[in-house]
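In: Would you be able to build a 3D model of this:
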Amino acid sequence: MREGLATPLGESRRVYVVCPVCGHAFRAALASTYITVGREADLCPKIPGRPSDGAQVIRSSVTMCPACSFASGEAFGDLDLTFDERHGIEERLKEDGLLKVFRKGQPPWLGFHAAEVCGKERSLRSRELGDLCLRASWVCRKEKERPFESTFQLRALRHFMRALQEDDLLGRELAVTTYLVGELNRRLGNHREALNWYVNAGRTTEGDPRVAWLDRLIDRQSKLAREEAA
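Out: The predicted structure follows:
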């Protein structure tokens, strides 16, 4: 059963879902459409309205079970977990330190953290795990939780670097991932490291007109990193 909800940012829907790990049924809010007015240099969408409104939209890309804390960026109904996967996920969630501390308070980034924990047990690609952490950093920025923003940027960076080694990335995905390694290094204060990765990212685009926007971004952020490194 679905119930549509009009919002200033677009349209969302509330969906009854069943957790594939513990079987708990609950209603989750999912954003089906929303308006953007561009993106920041780390590809965070610029969403009209208050920053907290934008954070809410980004948070809706992950569903988290309120009973056991299982979380995923995929629709729960599309998941078919084995018994061993469910058991492994339950054990990871029970032992996770951040979930033990923050489960009751439910900070805005918690669903992404839980999805990363569950994703490791499900053997998701490093690129997907990095994307979860990157989105968590966007939410933290909009909610002005700077220490956690840096924490998730570092986690995203590590996943993306592992993805470049292990995930056989090609084309646009390779170019964007390489660029994000540079941009996250810059945001974390590693300016000279960032410059090296921007150069690597430029090599992956090979003048492809479909990613001309990325070439422009690489050029702009490279100049910024040089200024910051001086």
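In: need the contact list for the nearest residue to His191 once chain neighbours are set aside.
Out: Closest residue in space to His191, ignoring its immediate chain neighbours: Ala229 at 3.7 Å, by Cβ to Cβ, 6 or more residues apart in numbering. Any C-beta I mention is one placed from the backbone N, CA and C, and that applies to glycine too. Ala229 is in contact with His191, Arg192, Leu195, counting by Cβ atoms under 8 Å, 6 or more residues apart in numbering.
In: Only the buried members of the residues you listed: can you turn that into a ChimeraX selection?
Out: Of the contacts of Ala229, the buried ones can be selected in ChimeraX as follows, counting by 16 or more other Cβ atoms under 10 Å:
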select :191,195
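In: Can you tell me how far the residue nearest to His191 is from Leu217?
Out: Distance of Ala229 to Leu217, computed by Cβ to Cβ, to the nearest Å: 18 Å.
In: Then Arg187?
Out: Where Leu217 is concerned, Arg187 sits at a distance of 14 Å (Cβ to Cβ).
In: got it, and Lys144?
Out: Taking Cβ to Cβ, one finds Lys144 at 25 Å from Leu217.
In: who's in contact with the nearest residue to Asp96 once chain neighbours are set aside?
Out: Sequence neighbours aside, Val117 is the residue nearest to Asp96 in space, at 5.4 Å (criterion: Cβ to Cβ, 6+ apart). Val117 makes contacts with Ala71, Arg92, Leu93, Asp96, Leu99, as judged by Cβ under 8 Å, 6+ apart.
In: out of the residues you listed, which is most surrounded?
Out: Using other Cβ atoms under 10 Å as the neighbour criterion, Ala71 leads the contacts of Val117 with 26 neighbours.
In: follow-up on the earlier one: so between Lys144 and Leu217, which is more surrounded?
Out: Shown here are Lys144 and Leu217; by other Cβ under 10 Å, Leu217 has more neighbours (20 against 10).
In: quick one, what contacts that one?
Out: Contacts of Leu217 (Cβ under 8 Å, 6+ apart): Ala41, Tyr179.
In: Pretty sure it sits in a helix.
Out: Yes. Assessed with DSSP: H, G, I helix; E, B strand; the rest coil, Leu217 lies in a helix.
In: let's have the chain start at 47 instead
Out: From this message on, residue numbering opens at 47, which makes the last subject Leu263.
In: Against Ala221, how distant is it?
Out: Distance, Leu263 to Ala221, by Cβ to Cβ: 10 Å.
In: rewinding a little: same list, the contacts of Ala275, but as a markdown table with pLDDT and secondary structure please.
Out: Output for these, formatted as a markdown table (pLDDT from 0 to 100; DSSP: H, G, I helix; E, B strand; the rest coil):
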| residue | pLDDT | secondary structure |
| --- | --- | --- |
| His237 | 97 | helix |
| Arg238 | 96 | helix |
| Leu241 | 98 | helix |
